[in-house]
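S.K.: Quick one, what's the 3D model for this:
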Amino acid sequence: MTSSKIHPLPVMAATAVFTVLLLVVGLLDRAEQSRFQQTKRATVLHKSSTVRANVEGFLNSRLFLTRGLVAYIATNPDLSENRFDAIAAHLLRQQSQISRISAIQGTMIRYTYPDSQQEQIIGADLSEIPQQQQVLNTIQETRKPVVAGPVPLVEGGAALINFTPVFLSPDHPTQPGQFWGVVTTLIEEEDLFEKTGLTNPDSSVKYALRGRNGPEATGAVFFGEGDLFQQNPVTLDIALPNGSWQLGAIPRTGWPTYSPQTPWVRGTGVLFALLSAVVVYMLVNEPIRLRKSNQRLKKEIQDRERTEAALRESETQLRAAKQAAEQANEAKNEFLSNMSHELRTPLNGILGYTQIMQRAKNLNEHRPGINVIHQCGSHLLILINDLLDFAKMELGHLELFPVDFHFPNFLQSILELYTLYASEKQVTFHYESSAQLPRSIYADEKRLRQVLMNLLSNAVKFTHQGSIRFTVTVLGLPKQERGAAAKLRFAVQDTGIGMSPQQLERIFLPFEQVRGAIKEGEGTGMGLAISQHILHLMNTQLFVTSQVEEGTTIWFDVTFPVGTDWTREESPVQEVDRTQEEGLVLPPSAELATLYHAAKIGDIDAIESEAERLQALDPVYGRFCDRILQLSQEFAEREILALIERAFSPMTEEAE
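M.R.: Numbering: from 1, shown residues only. Sure thing, here's the model as predicted:
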């Protein structure tokens with residue numbers, strides 16, 4: 001299963017491209033906004049310029065209109081009223097937007113036309129009107145015309161007034177003329193605003209004027225909305241003789257926040273950035289994906305190769321297991337075939353002698369046959385015990401039951417038995433042991449005896465001439481204290497037929513010995529397998545060295561806790577038993593060996609038969625045989641075995 005983790009490099013590349021393009025889109029959007037604002041302001045500026053030109057043209061035409069009258073008054077300051085009216089009438093016919101022309105001498109209105117309100121206007125003193133007095137003062141200081149207003153009128157109301165100064169002609173050209181007064185033309189505001197386009201309802205631009213009496217931006221707003229100049233307007237100066245007005249203009253709907261192209265620019269830009277990021281991600285990710293795919297394919301190939309190798313190994317193991325199973329099956333078949341022979345041989349002996357005894361009139365003549373029957377039954381019991389032990393071993397039910405027992409007596413009983421077996425084959429039997437052997441150990445006596453007897457039985461079985469050497473040595477000398485342990489080595493060396501390296505590899509397999517050993521002697525072929533399993537339970541194992549026709553050495557090292565009796569000579573119970581056994585006359589070792597073998601396998605009938613035979617053989621053995629028969633009646637096999645083992649000890653001491 002492949003990992004779904006996203007590689008960071010394509011994501012980083014796509015993010016970087018997306019971010020850069022968004023910045024570019026932002027710059028383009030800002031540029032578009034700036035272009036749009038500039039275009040909009042340029043449009044407003046163009047329309048404002050037209051209005052400014054209209055206003056300036058309107059005012060200038062009125063200013064130039066009164067210059068002829070000013071020049072006439074400068075040379076004829078005492079003109080008659082009729083003459084003034086004639087000139088004024090002629091001027092009004094040229095400019096219909098001028099509602100009145102007046103001549104002011106000093107601060108007093110001397111002439112006015114038309115004369116509809118002459119009685120109210122002529123003779124009025126402008127000094128009584130502060131705004132107009134201020135204008136007159138300005139004219140005298142600057143000697144220039146002034147467009148004022150809207151300012152209050154004498155007859156009431158307010159209007160724009162063009163003040164043109166009149167200076168009398170001087171006597172000398174280099175001298176300034178004397179101030180006579182001013183000629184005023186009254187301009188209606190509505191006419192000015194309408195004629196110049198300021199109040200055009202169809203215009204897309206909204207205007208405002210400020211700079212009353214010509215002080216530019218410092219003057220008050222006299223046309224339009226006062227807050228227009230707070231909305232970033234396009235501003236133009238309208239030139240006046242005495243200064244200027246400031247014209248402000250903005251779109252009627254206000255300045256637009258965004259360009260109509262903004263949504264398109266932003267949407268297209270974001271989409272382009274997103275598509276570009278996707279393309280970059282694919283371009284960068286594709287080599288990585290291909291590399292991952294290659295790695296995944298390589299891994300799959302390697303996994304497949306490992307799987308194929310594992311399959312080949314499994315096939316090899318299966319073939320080996322099949323071959324081993326076939327070999328085991330063949331060994332078992334051969335084992336069953338040989339076991340049938342092994343079982344039939346003692347059974348035929350038992351049946352044959354029992355048939356003879358059935359026809360015999362005197363059974364005492366057939367005492368040797370009874371011994372043969374006993375030996376055949378013992379051998380048959382050994383075979384059955386091996387099979388039961390092997391079954392327990394296969395099921396994992398083979399267990400150890402350690403107890404404290406007298407170690408020298410244990411060894412002596414085994415020594416006496418196999419010394420007899422070896423002498424029957426005319427093979428020399430040697431026994432060697434360390435002087436520091438413990439007198440008691442804590443172990444499973446039965447299983448340890450089974451292992452040693454199996455090793456010694458094999459040595460006797462396969463040695464036809466020469467010698468057998470049985471050694472027990474102490475490898476680790478224990479301290480004289482409770483809880484100590486002794487490390488012992490048990491070794492059996494013979495000069496028998498030996499084994500090849502191939503046989504050594506399979507010597508501990510069950511049934512394996514059968515094919516090569518059954519020709520040389522008796523046995524099930526399970527003895528070494530069972531012994532090895534028992535030693536594994538004791539945390540040790542068998543070691544073997546062998547050469548064909550030269551002999552075999554087999555040994556094992558094992559550590560046993562020292563028994564509770566090993567630090568003293570004998571226990572009080574043993575002393576009582578010794579006292580009871582004093583005065584007993586013992587049979588020869590050969591006779592005791594037969595009795596011991598029957599006791600070891602727990603055959604009560606054979607024990608009683610052998611005890612009766614020994615008692616009949618020589619009455620001097622009567623007390624010993626009576627003791628054996630008494631214990632057999634109580635089925636005390638272990639006590640019988642212990643009594644016989646202790647009986648071996650005096651013989652050994654006398655031999656020494």
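S.K.: end to end, how far does stretch 431-449 reach?
M.R.: End-to-end span of stretch 431-449 (Cα to Cα, to the nearest Å): 16 Å.
S.K.: now it: how far from the chain's centre is it?
M.R.: From the chain centre to the centre of stretch 431-449 is a distance of 59 Å (Cα atoms, centre = their mean, to the nearest Å).
S.K.: Which parts of that stretch count as buried, going by neighbours?
M.R.: 431, 433, 437-445, 447-449 (16 or more other Cβ atoms under 10 Å). Every C-beta, even on glycine, is put in place using the N, C-alpha and C of the backbone.
S.K.: Give me the contacts around it.
M.R.: Outside stretch 431-449, the residues within contact range by Cβ atoms under 8 Å, 6 or more residues apart in numbering are 400-408, 410-411, 414-415, 419, 469-474, 477-478, 486, 488, 534, 537-538, 560-567, 569, 600.
S.K.: show me the contacts for residue 73.
M.R.: Contacts for residue 73 (Cβ under 8 Å, 6+ apart) come out as 79, 103, 166, 180, 183.
S.K.: Name the SS class of the third one, please.
M.R.: The three-state label given to residue 166 by DSSP: H, G, I helix; E, B strand; the rest coil is strand.
S.K.: what about the residue nearest to it when sequence neighbours are not counted, how many neighbours?
M.R.: Nearest non-adjacent residue to residue 166, counting by Cβ to Cβ, 6 or more residues apart in numbering: residue 180, 4.4 Å away. As a burial measure, residue 180 scores 20 neighbours (other Cβ atoms under 10 Å).
S.K.: Buried among the contacts of stretch 431-449? Need that as a selection in PyMOL.
M.R.: To isolate the buried members of these in PyMOL, using 16+ other Cβ under 10 Å:
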select buried, resi 402+404+405+406+407+408+410+411+414+415+419+469+470+472+473+474+478+486+488+534+538+560+561+562+563+565+566+600
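S.K.: So among the contacts of residue 73, where is pLDDT lowest?
M.R.: Ranked by pLDDT, the contacts of residue 73 bottom out at residue 79, which scores 86.
S.K.: That one belongs to a helix?
M.R.: No. Looking at residue 79 with three-state DSSP, it is coil, so not inside a helix.
S.K.: out of everything not next to it in sequence, what's closest to it?
M.R.: Residue 79 sits nearest to residue 73 (Cβ to Cβ, 6+ apart), 6.4 Å away.
S.K.: what separates the one you found from residue 105, distance-wise?
M.R.: When Cβ to Cβ, to the nearest Å is applied, the distance between residue 73 and residue 105 equals 9 Å.
S.K.: shared neighbours of these two, which are they?
M.R.: Shared contacts of residue 73 and residue 105, defined by Cβ under 8 Å, 6+ apart, are found at residue 180.
S.K.: follow-up on the earlier one: looking at the contacts of residue 73, which is nearest residue 585?
M.R.: Of all the contacts of residue 73, residue 183 has the smallest distance to residue 585: 186.3 Å, by Cβ to Cβ.
S.K.: Hmm, the closest one is touching residue 70, no?
M.R.: Yes. Counting by Cβ atoms under 8 Å, residue 183 does reach residue 70; the two are 5.2 Å apart.
S.K.: Which one's more surrounded, these two?
M.R.: Taking other Cβ under 10 Å, residue 183 and residue 70 do not tie; residue 183 has more neighbours (27 against 18).
S.K.: sec struct for the more buried one, please.
M.R.: Assigned by three-state DSSP, the conformation of residue 183 is strand.
S.K.: dump the residue contacts of it.
M.R.: 66, 69-70, 73, 101-104, 163-164, 166.
S.K.: give me that answer again for 10 Å
M.R.: Contacts for residue 183 (Cβ atoms under 10 Å, 6 or more residues apart in numbering) come out as 65-70, 72-73, 84, 88, 91, 101-104, 111, 145, 162-166.
S.K.: what's the answer for residue 196, then?
M.R.: Applying Cβ under 10 Å, 6+ apart to residue 196 gives the contacts 50-59, 207, 238, 247.
S.K.: try 7 Å
M.R.: 51, 54-55, 58 (Cβ atoms under 7 Å, 6 or more residues apart in numbering).
S.K.: how far away is it from residue 314?
M.R.: For residue 196, the distance to residue 314 equals 107 Å [Cβ to Cβ].
S.K.: what do you get for residue 330?
M.R.: From residue 330 to residue 314 the distance is 24 Å (Cβ to Cβ).
S.K.: does residue 391 belong to a helix or a strand, and which?
M.R.: In this assignment (DSSP states H and E), residue 391 forms part of helix 367-395.
S.K.: Excluding chain neighbours, give the residue nearest to residue 256 in space.
M.R.: Nearest to residue 256 is residue 40, by Cβ to Cβ, 6+ apart, at 6.8 Å.
S.K.: quick check, that neighbour in a helix?
M.R.: Yes. Counting by three-state DSSP, one finds residue 40 located in a helix.
S.K.: what about it, neighbour count?
M.R.: Neighbour tally, residue 40, other Cβ under 10 Å: 16.
S.K.: do the same with residue 39
M.R.: Residues near residue 39, counting by other Cβ under 10 Å, number 11.
S.K.: Check it and give its pLDDT.
M.R.: 88.
S.K.: sorry, back to before: can you tell me which of the contacts of stretch 431-449 are in helices?
M.R.: Using DSSP state H to define helices, the subset of the contacts of stretch 431-449 located there is 407-408, 410-411, 414-415, 419, 534, 537, 600.
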